[in-house]
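K.L.:
Give me coordinates for this.
(one chain, ligands or ions: 1)
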Amino acid sequence: MKLIRINHHCYYFQGAVNIGYVCDGEVGILIDAGLDQGAMRKVLNQLDQERLPLTHLLITHAHADHYGGAAYLQNKRNIYTMAPVLEEAILRNPVLEPIYLFQGNWPTLDMRNKFLEGEAIRIDEVVSEGVWDIQGIQINSIALPGHSYYQLGYQIHDVLYAGDAFFGRETLQKHKIPYLVDADQTLQTLKCLLEWPVKRAVPGHGAYEEDAEELIRQNIAWHQRVLESMEDVIKNAPDGLSHEQLVREMCTRWEIETSRLSSWVLYRTAITGYLLKLVKDEKAVLSIQRHALWIAPYEKRTV
Ligand SMILES: [Zn+2]
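P.N.:
Predicted coordinates for the structure are as follows:
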């Protein structure tokens, strides 16, 4: 984890998952906590070396790679922890993530790994969109739903810590079908970010952008390509296809490797998140056929 300084107050620890850091006087705020104890230990060592303060933790969303280091942090330091509504419920009960990814069933043991389930943490304050302050430091928090349910981005001192609202180019190329729970909300969030006055941004995965506009546009184009390819799959199935077949077709087209259950459930959720946008846009229709969730082109709907 390399500590990178953006301006007088704003920094981030660059890693597979970025951790934001802002300090002002005696106040030091971390934005997200990384995947695990190892990542957090490196963060604490560097803050100590630089004699930088640490008093608060702000969580953007309840994905284990963004909060997995928080339990260790809470054990080691006296830290005031804040998280968005609903995400906070998962942070306090982390088994909820493998539960929802497993469609409500109690998850199998191989799903209960550190990538899907971190250690439970204490939440001192539930926060929502709007302007508020931490001991005089103004936090402009912006709702960024789509990648997760109630994700918040935090703009502090002219830098937006954007969570996973958009990804760096390498991350898009690596994941191919990016994780989301709702593609429609994801696209609305990205359009809203294009209008947002501050363009200096730290994404959760990828490098800091002095002007994130181009990257946001690339993310929009990427989501649209995924949607177009899904529309094509659905059009090419004259009698429709099952949800399971749709997942298989999409993963095949995008050359995605899904040999592990814990990775497949993430793709299944993301693919369903895109499918729901096609349903909303009246490009696909859902029904139950042959004891399966069935997807057909909108023109083939039975009235
Ligand atoms: Zn995430």
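
K.L.:
Tell me the buried residues in the longest helix belonging to the chain?
P.N.:
In the chain, with assignment by DSSP state H, the single longest helix is helix 213-235. Neighbour counts over helix 213-235 (16 or more other C-beta atoms under 10 Å) mark 215-216, 219-220, 222-223, 226-227, 229-231, 233-234 as buried. Any C-beta I mention is one placed from the backbone N, CA and C, and that applies to glycine too.

K.L.:
is it possible to export those residues to JSON lines including pLDDT?
P.N.:
Shown next, in JSON lines, are the buried residues of helix 213-235 (pLDDT from 0 to 100):
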{"residue": "215", "pLDDT": "97"}
{"residue": "216", "pLDDT": "98"}
{"residue": "219", "pLDDT": "98"}
{"residue": "220", "pLDDT": "98"}
{"residue": "222", "pLDDT": "98"}
{"residue": "223", "pLDDT": "98"}
{"residue": "226", "pLDDT": "98"}
{"residue": "227", "pLDDT": "98"}
{"residue": "229", "pLDDT": "98"}
{"residue": "230", "pLDDT": "98"}
{"residue": "231", "pLDDT": "97"}
{"residue": "233", "pLDDT": "98"}
{"residue": "234", "pLDDT": "97"}
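
K.L.:
the helices in the protein, which residues?
P.N.:
According to DSSP H, the helices that the chain contains are 37-49, 64-67, 70-76, 87-92, 96-101, 169-175, 183-195, 213-235, 243-253, 261-280.

K.L.:
Could you single out the most deeply buried of the ones you listed?
P.N.:
Greatest average neighbour count among those goes to helix 64-67 (a mean of 25), per mean count of other C-beta atoms under 10 Å.

K.L.:
List, one by one, the residues from the stretch 51-200 of the chain near the ion.
P.N.:
Contact residues (C-beta under 5 Å from the ion) of the stretch 51-200 of the chain with the ion: 63, 164.
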